[in-house]
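1. take this sequence and fold it.
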Amino acid sequence: MDLKGHKAPDFDLQGSDGRNHRLQDYAGKFAILYFYPRDNTPGCTKEACSFRDLNRVIEAAGAVVLGVSRDSLASHQRFISAHCLNFPLLSDPEGKVMKRYGAWGKKLMYGKTVEGVIRSTALIDPNGKVIRHWGSIKKAAEHPGEVLQALQDALKAT
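-> The predicted structure follows:
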């Protein structure tokens, strides 16, 4: 499922910062909504730390980073504390928002087909439209740099 060019699916999820986050909260800003399988696992930690390291530049560009997994808010707090993450993590325990964004489905894991979270990202413009959608990410540590480049390209185009 490629969401590029479509209105971003709405969401309303609890965040690690103690508040609910909705798509409409980010009207007028770029939003980076990235989906990851699990807190404190190697690939997810690399990806989160890369977003952390780039977050000042992302924020200066007028964008917000939001990480989404099925983990609990308590798990998110431990993940944030362990790695000094500087953006909210949202909890989607039933995977409803993940399904709307194509971040849940069949995937290969250690040579077997399983159903689960598909590491993916949506870059949403200030009008709520998905301008870039990465449906499956292979290199978690490098991916945030690609997202930043796409954000900078979008800013140049406006």
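
2. tell me the centre residue of this structure?
-> The residue lying closest to the centre of the chain (CA atoms, centre = their mean) is residue 34, at 1.2 Å.

3. spatially nearest residue to residue 82, not counting backbone neighbours?
-> If the residues on either side of it in the chain are set aside, residue 82 comes closest to residue 40, at 6.5 Å by CB to CB, 6 or more residues apart in numbering. For glycine as for every other residue, the C-beta is placed from the backbone atoms N, C-alpha and C.

4. where does that neighbour fall, phi/psi-wise?
-> Backbone torsions of residue 40, given as degrees, to the nearest 10, read phi 60, psi 30.

5. and it, what is it in contact with?
-> Going by CB atoms under 8 Å, 6 or more residues apart in numbering, residue 40 touches 75, 78-79, 82.

6. okay, buried residues for the helix or strand of the chain with the lowest mean pLDDT please.
-> For the chain, the helix or strand with the lowest mean confidence is strand 104-109, at a mean of 84 (criterion: mean pLDDT, DSSP states H and E). Burial within strand 104-109, assessed by neighbour count using 16 or more other CB atoms under 10 Å, is assigned to 104-105.

7. what residues does that strand touch?
-> Contacts to strand 104-109, defined as CB under 8 Å, 6+ apart, come from residues 95, 98, 113-118, 136.

8. can you check stretch 139-158 too?
-> Here stretch 139-158 makes contact (CB under 8 Å, 6+ apart) with 30, 32, 34, 36, 43-44, 46-47, 49-51, 53-54, 57-58, 61-63, 119, 121, 123, 125, 131-132, 134, 137.

9. just the buried ones from these, in PyMOL syntax?
-> Listed next is the PyMOL selection for buried residues among the contacts of stretch 139-158, using 16+ other CB under 10 Å:
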select buried, resi 30+32+34+36+43+44+46+47+49+50+51+54+58+63+119+121+123+125+131+132+134+137
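
10. which of the contacts of strand 104-109 count as buried?
-> Burial by neighbour count, 16+ other CB under 10 Å: within those this picks out 95, 98, 117-118.

11. helices - which of the residues you listed land there?
-> Using DSSP state H, the subset of the buried ones among the contacts of strand 104-109 located in helices is residue 98.

12. ok, the buried ones among the contacts of strand 104-109 vs residue 11, which is closest?
-> Distance to residue 11 across the buried ones among the contacts of strand 104-109 (CB to CB) is lowest for residue 98, with 9.7 Å.
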